[in-house]
Every structure is written in structure tokens, then in C-alpha cells.
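A.B. asks: got a predicted structure here, sequence first:
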Amino acid sequence: MAIKLANLQTLWGMAGAREKFEDMVSQLIHVEKPNSQRIRIVKGDGGLDSFEGELSDSDGIEVFQVKYFPGKIDDAQKGQIRNSFATVRDSNKVKAKSWTLCLPVDMSIEETEWFEGWKAKQADTAIEIRQPWGALHIETLLLQERNRTIREAFFREENTILLREQVDILNELKHQGSRNLKVCVNPVWNRRKLQAQIQLFNNGKGAIYITSWWIQWGPDGRRGAHQSCDTIRGTLPVRLEEHEAADLLIHVNSNVEDLSGIGVCDGDQHLWLATDENIAIFKHDAISYRLPEADVPVEEPSAEGLKIDVKAHAIRPIGLDHELLEFVIKNESDRQVSVHNVRLGWTYTPPRQKPKFPGKPSVSEAGGNVGLLQQSTTNQLAPGEQVVFVLEKEMSMFLVEVARGDVLDEDIVLEFVTDRTWSWKATMDEIPSVVRVVANSVLESMRL
């Protein structure tokens, strides 16, 4: 569970966050210094929040000063820091041998320069001013197993969930107010195969990172939906700056009557759909221009004699911190073969259940797939020729899903289309093993 001290104010309010921060830091100090004590705040407390040692010790005590400054350390905050130290320095009740400042933020470069300059001026006080406890130090302590009870007391799971919901709502409102992606779709018939042209235009403020396209059937996708980054034309993911456009061409299930939405997903998992009016026109035009059923069945070309060999490799280009996945596809037939739209697919066993929400359909994720990039200018393979497809560096991150333990070897397949009508699936034993090598390599690079 991620811990951010900045979330204290969201969870408890400004006044509550100050109190919670002081309580939490005092408990962490006590874990680090089991003989430490906390001072009950009364007027004239001598500038002590917590300390370790005996007040009567002639060598002095270790003093900890807790300051809840959640923002910048400006002149007012600097004055408070100086005054707190001066109170300890000039006290006739206690002697300090060290002084540590505890803050909910890490100091900026300018603030660090000020603190080090001020610290140097106190050298003649004989009090060791130690490195402050900032956000990094305190958050690291909270994540330690021995401090789990303290972490759970101030960052309970239910509070974290509530915080996420609040942040999601604020982000959604922010996005709605500043971002605007126009989505327009048009039907394209390729013989009896329906395709969709997706035209995108960033008409808002800031860039939008498009990661995949989305299509759904039935009201709100209740009858089915499909998300993919595999395209016929155009490349995903794509980053659209302000007033930039993109054009994609994708495959669509020919059951256009039940179609209810086409759009794209961005890096914030926001779904941008074409308007209801656009979808209605898309369906009308697709149905109007659909070819009538032929009275005589069309004779399909024969696949007899076709033989294609697939080899999988894990390669590591110079300078890359993880392996890349490469497939070499060779035509071992005695005639020419076209190879295109190659993608790697996998299935989850059991399907991954998505969170359920009131009034929304129950959704489970059956599997995933990722498209590969062709390393040649033609997909026409003469007998004996071969073509190489590589999973790009940016797309390799999707393979982490294969390494999570719910993907069986037999459910990792290479899918590609040859010529016009033949779809092939390669399931050789070497494919899952090489895919897992690359997946684990990517996972390890993310941990570094």
C-alpha cells in the first residue's frame, strides 16, 4: 500500500493532520529510540516534542522537534525553526547534545541550502544539528514491517480507498474541464469484412496519450466489449498534442446491429466514445452498404500445401535493460504467402474478475493480446523467404501480465493472418518459454 504524508490533510483536515502527524512521528521515534519520551504540550515546554535520554544527564539529551509544515518553508516557517532551536539552546532546564527537525515534506534545493547555511552558523553551540527527518525518511519508516501497526493506525485501508475515490473524482472533474478529444467513426467494407475508421482530434488543453481502441455491443457494453491496440492502419499507442489529429483503421465484428459504441482509451483509463448520433449514422451506413448474401457460395482459395515455420527468440539490443521478443516467420511452401497482422495472445485461467459497481454489468477479463511490428517493407513471402516481427520496447510492458501466474503455457499463442482468408495460430512449445523469458526480463527491469 502506497504511503504519502500529503494524504494526511485530505483524510483528516488541516488541524487533524497536524495532530496526527505529531502523534505518528512521536511513535516512530519511540520505535527507533525505545528509551525516548514525549513531552505533553504545556506553556513553556522548553522547545521539546520528544527526546531520548535523561534530563539530568550532563552529556545532554537527543531532542526531536516536530513541525507540521505541509507546504513551502518560507520566512515564517524558517523563523519558527530558528526559534525552536534557540529555545533548546538557551534552556536552563535541559542540555541538548543533538537536535533533529521532523517535517512532512522533503526540502527543496533552496530550502536545503538555507538549512545548511543556518546549521553552519550554529557550530559554536556544541549541539549537533542532525539531518532532518523529511517525507522520504518518515514514509520509509512507515513501510517497515515493524511499524505496520503505526501505519495502519494512521493510514487505514478504508481511508486509503476513500482517498482514491476522492482523487479519482477530482481528476475526472479536472479532465472534463480541460481535456476534449473528438472521436468520429466511419464504416469501411472490405468485401464482407467490416472495418471502422476512427478519426481523433485533440481539441482540449494538454496532450492526450491514446493507448488502445474500444468497441462494445449492447446497452453500455452489456452484451460484449473488446479492447485492443491491434490496428489495420495507424499505430497505437500514440500521443496527441493540442490540436493534433490521428487516423486509425480497425476490425469490427460484422454484427453491426448490436453495436453500441466505438472509441479509444487514454493513459488515465478514460474512455472517449463517439457520440450516439455518430454511432447511429455509422450503423445506418454500414447496413446500407453491406453486400447482399450471394446465392452461390464463393469458392475460397485452398490452403492445401501451405507450410509456415515460426521461430521465437529473446534478443537484447545494445543499451536496452531488458530482452525483446522476436518472431521469425518462414514460408516453407512452394508458393507465395502473405503474412500480416501478427499478434501475441494469451488467456487468463480463471478469467480475471473486475470490480463490481451498482447498476453496472459484471465484467471479467478473459485474456490479452499485443501487436507486433514487421521489420520489412513487404509482407509477400516467396518460397523459402522469411519475415521478422518484433514486439516493440514500448509494448513489451504488456508481457508483465503473462508473468503473473494465471496464464498457462498452452494458452500463449501467436496469431497471424496469411493471404486474404486464412487465420493461423502458432502454439509450438518454444513460444511460451521464450515469451516467459522476455516477460521476466521486463519485470526485473521494472524492479531496478
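C.D. replies: Perfect, thanks for sending it. Numbers count the residues shown, from 1 in each chain.
A.B. asks: C-alpha from now on. contacts and neighbour counts both.
C.D. replies: Noted.
A.B. asks: so how far is the host helix or strand of residue 21 off the chain centroid?
C.D. replies: Using DSSP states H and E, residue 21 falls within helix 7-32. Chain-centre distance of helix 7-32: 29 Å, with C-alpha atoms, centre = their mean, to the nearest Å.
A.B. asks: and it, what does it pack against?
C.D. replies: When contacts are defined as 3 or more C-alpha pairs under 8 Å, 6 or more residues apart in numbering; DSSP states H and E, helix 7-32 packs onto strand 36-38, helix 135-142, helix 148-154, helix 157-178.
A.B. asks: buried sites along it?
C.D. replies: Residues of helix 7-32 classed as buried: 8-11, 17-18, 20-22, 24-30 (neighbour count, 16 or more other C-alpha atoms under 10 Å).
A.B. asks: now for those residues: which two are most distant?
C.D. replies: 10 and 30 (26.0 Å; C-alpha to C-alpha).
A.B. asks: now do stretch 217-226: distance from first to last residue.
C.D. replies: In stretch 217-226, first residue to last residue: 9 Å (C-alpha to C-alpha, to the nearest Å).
A.B. asks: so where is the stretch 251-400 of the chain shaky, pLDDT-wise?
C.D. replies: Residues of the stretch 251-400 of the chain that meet the criterion pLDDT under 70 lie in 254, 293-303, 359-361.
A.B. asks: recalculate using a threshold of 50.
C.D. replies: Applying pLDDT under 50 to the stretch 251-400 of the chain flags residues 296.
A.B. asks: show me where it has strands.
C.D. replies: Assigned by DSSP state E, counting those that start in this stretch, the stretch 251-400 of the chain shows strands spanning 259-266, 271-273, 308-315, 324-331, 337-353, 364-371, 373-374, 380-381, 386-390.
A.B. asks: mind putting those strands into a markdown table with mean neighbour count and distance to residue 52?
C.D. replies: Below are those laid out as a markdown table (neighbours: other C-alpha atoms under 10 Å; distance: least, C-alpha to C-alpha, whole Å):
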| stretch | mean neighbour count | distance to residue 52 |
| --- | --- | --- |
| strand 259-266 | 22 | 52 |
| strand 271-273 | 19 | 55 |
| strand 308-315 | 17 | 56 |
| strand 324-331 | 21 | 54 |
| strand 337-353 | 18 | 51 |
| strand 364-371 | 18 | 54 |
| strand 373-374 | 18 | 63 |
| strand 380-381 | 18 | 78 |
| strand 386-390 | 20 | 60 |
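A.B. asks: okay, these in CSV with distance to residue 179 next?
C.D. replies: Formatted as CSV, the strands of the stretch 251-400 of the chain follow (distance: least, C-alpha to C-alpha, whole Å):
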stretch, distance to residue 179
strand 259-266, 11
strand 271-273, 11
strand 308-315, 39
strand 324-331, 34
strand 337-353, 30
strand 364-371, 27
strand 373-374, 31
strand 380-381, 42
strand 386-390, 34
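A.B. asks: out of the ones you listed, nearest to residue 191?
C.D. replies: So among the strands of the stretch 251-400 of the chain, strand 337-353 is nearest, using C-alpha to C-alpha, at 17.7 Å.
A.B. asks: and for the closest one, what are the contacting residues?
C.D. replies: The contact list for strand 337-353 (C-alpha atoms under 8 Å, 6 or more residues apart in numbering) reads 230-232, 331, 363-373, 379-383, 389, 402, 406-408, 411-419.
A.B. asks: ok so, going back, so the helix holding residue 21 versus helix 135-142, what angle?
C.D. replies: If you take axes from the mean of the first three to the mean of the last three C-alpha atoms, to 10 degrees, helix 7-32 sits at 60 degrees to helix 135-142.
A.B. asks: pLDDT on helix 7-32, on average?
C.D. replies: Averaged across helix 7-32, the pLDDT comes to 85.
A.B. asks: how about residue 427: what's its closest non-neighbour residue?
C.D. replies: residue 413 (5.2 Å; C-alpha to C-alpha, 6 or more residues apart in numbering).
A.B. asks: do the same with residue 131
C.D. replies: Leaving aside its chain neighbours, residue 131 sits nearest to residue 100 (6.7 Å; criterion: C-alpha to C-alpha, 6+ apart).
A.B. asks: and for stretch 379-388, what are the contacting residues?
C.D. replies: Residues outside stretch 379-388 that contact it (C-alpha under 8 Å, 6+ apart): 326-340, 374-376.
A.B. asks: also stretch 214-222?
C.D. replies: Residues outside stretch 214-222 that contact it (C-alpha under 8 Å, 6+ apart): 223-228, 252, 258-265, 361.
A.B. asks: mind pulling up the pLDDT for the residue nearest to residue 131?
C.D. replies: Value listed for residue 100 in the pLDDT field: 94.
A.B. asks: now residue 90: how far from residue 83?
C.D. replies: Residue 90 is 10 Å from residue 83, where distance means C-alpha to C-alpha.
A.B. asks: same question for residue 144.
C.D. replies: From residue 144 to residue 83 the distance is 33 Å (C-alpha to C-alpha).
A.B. asks: neighbour count winner among those two?
C.D. replies: residue 83 (13 against 10; other C-alpha atoms under 10 Å).
A.B. asks: quick one, helices of the stretch 201-350 of the chain?
C.D. replies: With DSSP state H, counting those that start in this stretch, the ranges of helices along the stretch 201-350 of the chain come out as 276-288.
A.B. asks: please consider this matter closed, and thank you.
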